[in-house]
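*Asks:* Have a look at this prediction, sequence included:
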Amino acid sequence: MWEGYYPSEPFDLRLTVLRLVRNLWWIILLTLLGTLVFGGGYYLKYVVFGEAPDFAQTVTCKIEYTDLPTKSGDYYINEMTWNTYVVTDEFVGMVKQSLARFDAQVAGGAYATTAAWWDTNRADAETVATEQSIVSVKVASDVQVPSFTVRTPNQTVTETLAQAVADAVTGEFADSLPEVASIRVIDVTQAQLVKADVRPGRAFVLSAVLSGFLVLIFYLLWEIGADSIWLPVTLARRYGLPVAGTIRSAQLRENMRYLLQGKQRVAVCAIREEMDPAGVIASLKEVLQEDAAGGEADEELAKDWIAVPSPDLSPETVRAIRQAEGLLLVVPAGMHVGKMLEQVLDFYRTQEITVTAALLWDADEALIRGYYLLPGGRQ
């Protein structure tokens with residue numbers, strides 16, 4: 001009788017791998033679905049509905065300090081300070097003054113248009129500029145050589161604003177710092193189209209890897225926690241039942257002969273309500289009543305089989321089981337069977353009924369064969 005063998009049941013890696021292979025099709029399907037959802041979302045956001053690329057132009061300057069910063073503590077403007085300067089109202093006012101002066105000198109209205117665009121779109125004065133700001137500064141190596149990058153969606157605005165920034169930095173801004181002797185422009189790049197760093201291929205690959213990993217984890221949790229019975233040996237390992245095998249087992253005849261020896265009246269009980277014990281008896285007779293060699297009747301296995309419904313349908317059938325000499329418990333293979341079997345075994349234990357033999361019904365014979373063909377399967 002069942003005494004609770006769960007603690008001694010080892011994790012069955014072979015069975016888990018076989019079940020994984022059996023369910024590989026929907027694991028792949030869910031992985032593809034996750035790839036489409038996450039990778040497709042990235043593609044829609046950054047490619048289909050992504051922002052238009054910007055134009056960027058860089059102005060590189062050389063600063064001459066009144067005292068050359070050669071030792072610790074000497075004055076110089078670092079990158080953080082530069083990026084703070086370029087978003088202040090004071091610096092923006094200097095750039096607008098340069099735009100207004102250029103607009104008075106050159107006809108065409110480009111400078112006035114740029115000034116209006118600057119008023120509408122410039123970064124918040126309290127926000128430190130970044131690579132995506134309208135004006136940002138890099139001090140790559142030498143503190144005396146800052147690079148001012150202007151970035152806007154319009155090429156004309158970018159070029160015009162870069163010219164005004166260079167004029168403001170080398171003119172009024174340089175004059176406002178007593179520690180700076182002069183600032184001059186040493187290089188100006190062409191306005192170039194800057195595309196966003198969008199990599200849909202990598203996004204799809206990463207989505208596939210993450211989706212496959214998550215699906216696999218959830219599958220393993222689902223499979224391990226499903227309380228399934230797929231192998232006849234599980235009935236012995238987990239519940240301590242004497243196992244006859246499956247209806248297709250090569251050892252079924254000998255196991256039944258041994259387990260049912262001396263017992264003529266045998267009750268056949270199926271634990272699931274929808275199972276027909278009469279159909280189980282018909283299949284057993286077909287398998288057991290013929291001799292393996294000559295096809296003659298096997299008298300030792302010619303039992304008086306008594307069909308008994310599930311205890312859930314008729315608990316009072318335990319009376320008929322007591323009148324029988326043996327009990328063959330038919331357990332269906334599949335998921336979420338364990339708790340159902342536990343309930344039946346608890347009921348039989350209360351009624352002091354002993355299970356003579358257990359038969360795994362509707363078993364996946366290909367799964368069982370593969371289980372014992374894998375390395376270590378017969379150990």
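*Replies:* That came through, no problem.
*Asks:* Any stretches of the stretch 51-200 of the chain with poor pLDDT?
*Replies:* Within the stretch 51-200 of the chain, the stretches with pLDDT under 70 are 106-109, 118, 121-132.
*Asks:* Just the strands from it, written as ranges.
*Replies:* 54-65, 135-138, 147-152, 180-188, 192-194 (DSSP state E, counting those that start in this stretch).
*Asks:* Tell me which of those sits nearest to V215.
*Replies:* Proximity to V215 (Cβ to Cβ) singles out strand 192-194 among the strands of the stretch 51-200 of the chain, at 37.7 Å. Glycine gets a C-beta too; all of them are placed from N, C-alpha and C.
*Asks:* next SSE after that closest one?
*Replies:* Of the helices and strands lying after strand 192-194 in sequence (DSSP states H and E), the nearest is helix 200-224.
*Asks:* avg pLDDT for the helix or strand following that following helix?
*Replies:* Counting by DSSP H and E, the element after helix 200-224 in chain order, helix or strand, is helix 232-239. Average pLDDT, helix 232-239: 90.
*Asks:* Return the set of buried residues in helix 232-239.
*Replies:* Neighbour-count burial for helix 232-239 flags 232-235, 237-239 (criterion: 16 or more other Cβ atoms under 10 Å).
*Asks:* Which strands or helices does that helix pack on?
*Replies:* On a contact count with 3 or more Cβ pairs under 8 Å, 6 or more residues apart in numbering; DSSP states H and E, helix 232-239 meets strand 243-246, helix 338-350, strand 357-361.
*Asks:* now do 10 Å
*Replies:* Secondary-structure packing of helix 232-239 (3 or more Cβ pairs under 10 Å, 6 or more residues apart in numbering; DSSP states H and E): strand 243-246, strand 326-332, helix 338-350, strand 357-361, helix 365-373.
*Asks:* if we compare the ones you listed, which one ends up closest to Q144?
*Replies:* Closest approach to Q144 among the helices and strands packed on helix 232-239 is made by helix 365-373 (73.6 Å; Cβ to Cβ).
*Asks:* Now the closest one - C-alpha only, CSV.
*Replies:* Coordinates of the C-alpha atoms in helix 365-373 are reproduced here as CSV (Å, rounded to 0.1, in the frame of the first residue of the first chain):
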residue,chain,number,x,y,z
GLU,A,365,4.6,3.1,-25.9
ALA,A,366,7.1,5.0,-28.1
LEU,A,367,8.0,7.2,-25.2
ILE,A,368,8.6,4.2,-23.0
ARG,A,369,10.7,2.4,-25.6
GLY,A,370,12.8,5.6,-26.1
TYR,A,371,13.2,6.0,-22.4
TYR,A,372,14.9,2.6,-22.0
LEU,A,373,16.9,2.9,-25.2
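*Asks:* nearest to F55, of the helices and strands packed on helix 232-239?
*Replies:* helix 365-373 (62.7 Å).
*Asks:* what's the closest one packed up against?
*Replies:* Checking 3+ Cβ pairs under 10 Å, 6+ apart, helix 365-373 ends up next to helix 13-22, helix 232-239, strand 243-246.
*Asks:* Next secondary structure after the first one?
*Replies:* Tracing the chain C-terminally past helix 13-22 and defining elements by DSSP H and E, one meets helix 24-43 next.
*Asks:* same thing with the shortest one?
*Replies:* Moving toward the C-terminus from strand 243-246, the first helix or strand encountered (DSSP H and E) is helix 252-259.
*Asks:* residues making contact with that following helix?
*Replies:* Outside helix 252-259, the residues that touch it by Cβ atoms under 10 Å, 6 or more residues apart in numbering are 232, 242-246, 249, 251, 266, 284, 287-288, 290-292, 298, 300-301, 303, 326, 328, 355-359.
*Asks:* Nearest to the spatial middle of this structure, which residue is it?
*Replies:* L214 (2.6 Å; Cα atoms, centre = their mean).
*Asks:* and that one, what is it in contact with?
*Replies:* 30-31, 34.
*Asks:* Kindly present the residues you listed as CSV, with separate columns for distance to S98.
*Replies:* CSV is the format used below for these (distance: Cβ to Cβ, whole Å):
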residue, distance to S98
L30, 59
T31, 57
G34, 53
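*Asks:* Show me the one in those that has more neighbours than the rest.
*Replies:* T31 (20 neighbours; other Cβ atoms under 10 Å).
*Asks:* if I look at that residue, how far off is L210?
*Replies:* Counting by Cβ to Cβ, to the nearest Å, the gap from T31 to L210 is 9 Å.
*Asks:* same thing with L68?
*Replies:* Taken as Cβ to Cβ, the span from L68 to L210 is 53 Å.
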